[in-house]
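> got a predicted structure plus its sequence, pasted below:
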Amino acid sequence: MAKKKDKLAVRRENQERAFENPQALAQGVASIPRRIARYATTSTPSQVLSDVGGLARATYQSAKEDPAGFIGDAIFSPFAAMRDFGDIRARARQLRAAGRNAEAEKLEAMTGAILASAIPVVGRAPAAAVRSAERAAVRGAERSALAVKAPAVIKARSGTAKATAADVLAEAGSKGKKQSYADWRVKNPESGTILDMSRLSEVPNVPQTQLPRTVPPRGPSPRIVEALSRPEVERGINETVERGIEGGGLQWYNTDPLRERMMSLVPADQLDSRYAQLMDIVAATSPRARVPDNIRTAAYYNYLQSQGLPIPEKPAAGYGSVAQKLHTQNVRDVTGAGGWDVFKNPKPASFSTNLQGNQQNVTIDTHNFRLPGILSQDPRFLATSIVPEKGAEPLRPRQWVEEGTLSLEDALQRPAYWESKPNSNEYGYYEQWQQDQAKKMGISPAQYQASMWLGGGEETGLASAAEPFVGTFEARVRYTADRLGLDPEKVLEQVLKGEIPLLAEGGSVDLERLSRKYA
C-alpha cells in the first residue's frame with residue numbers, strides 16, 4: 001500500500017512541477033520533433049534499434065507488473081520527461097560555458113531519446129528507465145556515436161601532468177580503429193583559435209646573425225655555379241618564390257606566439273635554453289617527416305628530455321617513422337652537445353635558428369635544393385643511388401640518363417630522382433645566392449626559402465600542408481585536446497613546459513576501464 005502511495009505522490013509532484021512553468025513545458029513539447037530528428041541523425045542504426053528495443057521491453061515490463069500504474073505513468077510521464085529534459089539541457093549549457101562543446105553536443109543528442117519516451121503513443125518506460133538513460137548520457141552515452149565518427153575519447157580528469165602524459169602515451173599506443181590527424185584536420189581546418197597569428201609575416205625581434213659555413217678550398221661545385229648563373233633558372237626560382245609568398249611563405253617560420261606563451265610558463269633565465277631545446281629537437285626529427293609528424297615526434301622527445309627520461313633505442317608506440325633511428329641519434333647528439341655542429345649538419349642547425357627567430361640563415365632542405373637542379377635540367381643534379389626500401393635494388397637515375405635507358409623528360413617528372421641535399425662545397429654558395437635574392441625582394445632569407453618551398457611543392461614533391469609552422473603546431477595541440485577531452489589551452493602549456501607529449505595517431509581504447517578510472 002505504501003508503494004502505491006509513493007507512486008501517487010510522485011505523479012502529483014510531476015504534475016505540479018510541470019504546470020508551475022507552462023511556458024517551459026510548451027517550449028519543450030515543441031522541440032520534441034527537432035530533438036528526435038537530431039537523435040536519429042547522430043546515432044548509428046544499431047544504437048537506435050537498441051534504444052527502441054530497450055524502451056519497448058521496459059514499457060512491456062512496466063505494464064505487466066503494474067497495469068494501473070502504467071496507465072498513470074502514460075498520462076503524467078511527459079511532464080517528468082520534460083523535467084529530465086530540462087536537467088540535461090541545463091548540464092549541456094554548463095558544459096558549453098566551460099568550453100566543452102563536444103561533450104555538450106553528445107549530451108544534447110541524448111535528449112531525443114528522453115523526449116521520445118514522453119510520447120504516450122510510443123509507450124512510456126518507468127521513471128527509473130528515464131533516469132537510467134540520463135545517467136548513461138552523462139557518463140558516456142556518446143560511445144555509439146563515436147564508434148562511427150571517431151575512436152574512443154579519454155576523459156582525462158586526473159589533473160596531474162604526469163597522469164595526462166601517461167594517458168597520451170597509452171592512447172598513442174592503443175590498437176584498433178584510428179582517427180588520424182589528417183582525418184581530424186579535414187573536419188577542423190581552422191587555425192589561430194588559441195594562438196595569435198596576426199603578425200607572423202614580421203621578422204622576429206631577435207639578433208639576425210650568420211652561422212659559419214664550410215669554405216671549400218677549391219671553391220663551390222661547377223654544377224651549382226653554372227645552374228644559378230643561368231637567367232632562366234634565376235627567373236624560375238623567383239617566380240616560384242612569388243607564388244609561395246601568395247601562399248603564406250612569409251608567415252611560415254615566425255614562432256613568436258609559441259615563445260610568448262612559453263615566456264609566461266618558465267623562469268626568465270630558462271626561456272632561451274628551453275625554447276632552443278624544443279626547436280633543436282624539431283630540427284632533429286625533421287628528416288623525412290611531414291611537418292605535422294615532425295611536430296608530434298619532436299614533442300615526444302622534448303617531453304622525455306624535459307622530464308629527465310632516457311632517450312630510448314626505439315620510440316614509444318605511435319611515435320616511430322621510417323627515419324626513427326636517425327631521429328633518435330640526432331636528438332641524442334643535439335641534446336648531449338647542447339647544440340648543433342654547424343659544419344657537419346648545416347641544414348638542421350639553420351632550421352632550428354630560423355624557428356627561433358633568426359631568419360638570416362637558409363634551411364637548404366630537399367625541396368630547396370631540388371628546384372635549381374630541376375629548373376636547370378642538368379643531369380649532374382640527378383641522384384646517383386636511391387634505395388626505395390630495405391633490401392631493394394638501388395635506383396640509379398643519373399646512370400640511367402647517361403646510358404639512355406631513362407630520358408631526361410621522364411626524370412623531370414620524378415622529383416625523388418633528383419639530389420636531396422647539397423654537397424659540403426655547395427651549401428654556403430647557394431645560401432649566399434638566396435640571401436642576395438631575398439634582399440632584392442625585401443624579405444628575409446628564411447622567408448625566401450619558405451616561399452620557394454611552398455611555391456615549388458608540385459615540382460619538388462612537397463607533401464606537407466601550406467600553412468605556418470605555428471598553425472600546424474596549434475592544430476596538433478587541439479587534436480590532442482579533442483581526442484582526450486582536455487582544454488587545449490592547458491595542453492599547449494603542458495607541451496611547451498615539456499610535461500606531456502602530443503598525441504600520436506592511436507586507435508580505440510578500453511572505454512570500460514577508462515570510465516572506471518575517470519567517472
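Ah, there it is.
> could you list the low-confidence segments of this protein?
Flagging of the chain using pLDDT under 70 yields the residue ranges 1-92, 94-99, 102-159, 176-178, 458-465, 506-519.
> what do you get if the cut-off is 50, keeping everything else the same?
Residues of the chain that meet the criterion pLDDT under 50 lie in 1-5, 18-19, 76, 117-157, 463, 507-519.
> and it, what are its domains?
2-149, 151-191+254-357+468-519, 221-253+359-378+409-466 (automatic domain parsing).
> ok, residue 449 - contacts?
362-364, 368, 434 (CB atoms under 8 Å, 6 or more residues apart in numbering). For the C-beta atoms, the positions are set from N, CA and C on the backbone; glycine is no exception.
> out of these, which comes closest to residue 474?
Distance ranking of the contacts of residue 449 against residue 474, using CB to CB, places residue 363 first at 21.3 Å.
> what about that closest one, neighbour count?
25 (other CB atoms under 10 Å).
> surely it and residue 349 touch.
No. Using CB atoms under 8 Å, residue 363 makes no contact with residue 349, being 9.0 Å away.
> quick revisit: make a markdown table from the contacts of residue 449 and add secondary structure and distance to residue 247 to it.
A markdown table is the format used below for the contacts of residue 449 (DSSP: H, G, I helix; E, B strand; the rest coil; distance: CB to CB, whole Å):
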| residue | secondary structure | distance to residue 247 |
| --- | --- | --- |
| 362 | coil | 19 |
| 363 | coil | 17 |
| 364 | coil | 20 |
| 368 | helix | 15 |
| 434 | helix | 18 |
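> now the end-to-end length of stretch 402-415.
Across stretch 402-415, the terminal residues are separated by 18 Å (CA to CA, to the nearest Å).
> re earlier: scan the contacts of residue 449 and report the most crowded one.
Neighbour max across the contacts of residue 449 (other CB under 10 Å) = residue 362, 29 neighbours.
> so how far is residue 341 from that one?
From residue 362 across to residue 341, the span is 18 Å (CB to CB, to the nearest Å).
> ditto for residue 269
In terms of CB to CB, residue 269 sits 26 Å off from residue 341.
> between the two, which one's more packed in?
Comparing residue 269 with residue 341 by other CB under 10 Å, the one with more neighbours is residue 341, at 12 against 7.
> check the gap between the more buried one and residue 228 for me.
26 Å.
> next: residue 236.
11 Å.
> the two: which has the busier surroundings?
Legend: neighbour count by other CB under 10 Å for residue 236 and residue 228, higher for residue 228 (21 against 18).
> doesn't residue 432 make contact with the more buried one?
No. With contact defined as CB under 8 Å, residue 228 does not count as touching residue 432 (10.0 Å).
> not counting its neighbours along the chain, what's nearest residue 330?
Using CB to CB, 6 or more residues apart in numbering and skipping residues adjacent in sequence, the residue nearest residue 330 is residue 284, 3.6 Å away.
> tell me how far the one you found lies from residue 457.
23 Å.
> out of these two, which sits in the more crowded spot?
Taking other CB under 10 Å, residue 284 and residue 457 do not tie; residue 284 has more neighbours (28 against 20).
> need phi/psi at that one.
Torsion angles at residue 284 (phi, psi; degrees, to the nearest 10) stand at phi -60, psi -30.
> cool, and residue 395?
Torsion angles, degrees, to the nearest 10, at residue 395: phi -90, psi 140.
> and it, how many neighbours?
Neighbours of residue 395 (other CB under 10 Å): 17.
> then residue 265?
So residue 265, with other CB under 10 Å, has 16 neighbours.
> need phi/psi at the nearest residue to it once chain neighbours are set aside.
For residue 265, ignoring the flanking residues on the chain, the nearest one in space by CB to CB, 6+ apart is residue 497 at 5.3 Å. Residue 497 has phi and psi values of phi -80, psi 0 when expressed as degrees, to the nearest 10.
> show the contacting residues for residue 497.
By CB under 8 Å, 6+ apart, the neighbours of residue 497 are 161, 262, 265-266, 306.
> got CSV for those, with secondary structure and distance to residue 240 too?
Output for the contacts of residue 497, formatted as CSV (three-state DSSP; distance: CB to CB, whole Å):
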residue, secondary structure, distance to residue 240
161, helix, 44
262, helix, 34
265, coil, 39
266, coil, 39
306, helix, 38
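> of these, buried ones?
161, 262, 265-266, 306 (16 or more other CB atoms under 10 Å).
> distance to residue 449 for the residues you listed - can I get that in a markdown table?
As requested, these are exported to a markdown table (distance: CB to CB, whole Å):
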| residue | distance to residue 449 |
| --- | --- |
| 161 | 36 |
| 262 | 25 |
| 265 | 30 |
| 266 | 29 |
| 306 | 29 |
